[in-house]
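here's a sequence, model it:
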Amino acid sequence: MPSTIAFDGEEGWFLGDTEPYDAVVLDLGLPKRTAFPILSEWRRAGRTMPVLILTRRAIAGATSSGFDAGADDYVAKPFHIEEILARLRALLRRAAGHATSEFRCGPVLLDARAGQVSVDGSPVKLTSHEYRLLSYLMHHAGRIVSRGEIVEHLYDRI
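Numbering: from 1, shown residues only. As a prediction, the model looks like this:
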């Protein structure tokens, strides 16, 4: 999943409104434009990507405002990056209709949490690029994935 950083709310709103992100981490402390109106506008426009809200501190009522605006999860600072990554993996799984970190397609099993693939129970060694491609395709099983979408999601990271 390629990543993009917006340094203010105006740029963040524009990117989220025009780019097909798998998920968004939205900080409440953005300058120029605040997070809740940005998120509300995305949702009114039909943008359905999962959104994880970050805040400097837990404020009474802020979490409910975030969820009411359309947030999918909420984390207060300070946090460990591993927690953010785990929450993003969970949001992506749920957005793809999966409840666990394991994806199965016929005899192929991909364990996203462990980063391992097996076929009929036998481990398969994949390069990181092959793993990312297989993972992306299995996350989007049941729908056509265009070449452009694959290129965007795999090669923007390199």
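
what about the strands in this protein?
Secondary structure of the chain (DSSP state E): strands located at 24-27, 51-55, 73-76, 102-105, 108-111, 116-119, 122-124.

what does stretch 106-113 contact?
With contacts defined as Cβ atoms under 8 Å, 6 or more residues apart in numbering, stretch 106-113 is touched by 89, 93, 101-104, 116-121, 134-135, 138. Placement of C-beta: from N, CA and C, glycine included.

among those residues, the buried ones, what's the ChimeraX command?
Entered in ChimeraX, the line below selects the buried ones among those, by 16 or more other Cβ atoms under 10 Å:
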select :93,103,117,134,135,138
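
correct me, but Leu54 touches Val75?
Yes. Counting by Cβ atoms under 8 Å, Leu54 touches Val75, with 5.6 Å between them.

common neighbours of the two, please.
Ile84.

what are the phi and psi values for the most centrally placed residue in the chain?
Nearest to the mean C-alpha position of the chain, by Cα atoms, centre = their mean, lies Ala23 at 2.9 Å. Phi and psi for Ala23, reported as degrees, to the nearest 10, are phi -160, psi 160.

for it, give me its contacts.
1, 49-52, 88, 91-92, 95.

what about 7 Å?
By Cβ atoms under 7 Å, 6 or more residues apart in numbering, Ala23 lies in contact with 49-50, 52, 88, 91-92.

do Lys32 as well
8-10 are the contacts of Lys32 under Cβ under 7 Å, 6+ apart.

buried ones among these?
Using 16+ other Cβ under 10 Å, the buried members of the contacts of Lys32 are Gly9.

ok, the contacts of Lys32 vs Phe67, which is closest?
Closest approach to Phe67 among these (Cβ to Cβ): Gly9, at 19.1 Å.

spatially nearest residue to that closest one (excluding sequence neighbours)?
Once flanking residues are discounted, Gly9 sits nearest to Arg33: 2.8 Å by Cβ to Cβ, 6 or more residues apart in numbering.

kindly provide the distance from the one you found to Ile150.
Distance, Arg33 to Ile150, by Cβ to Cβ, to the nearest Å: 32 Å.

run a quick neighbour tally on Leu15.
Leu15 sits with 14 neighbouring residues when counted by other Cβ atoms under 10 Å.
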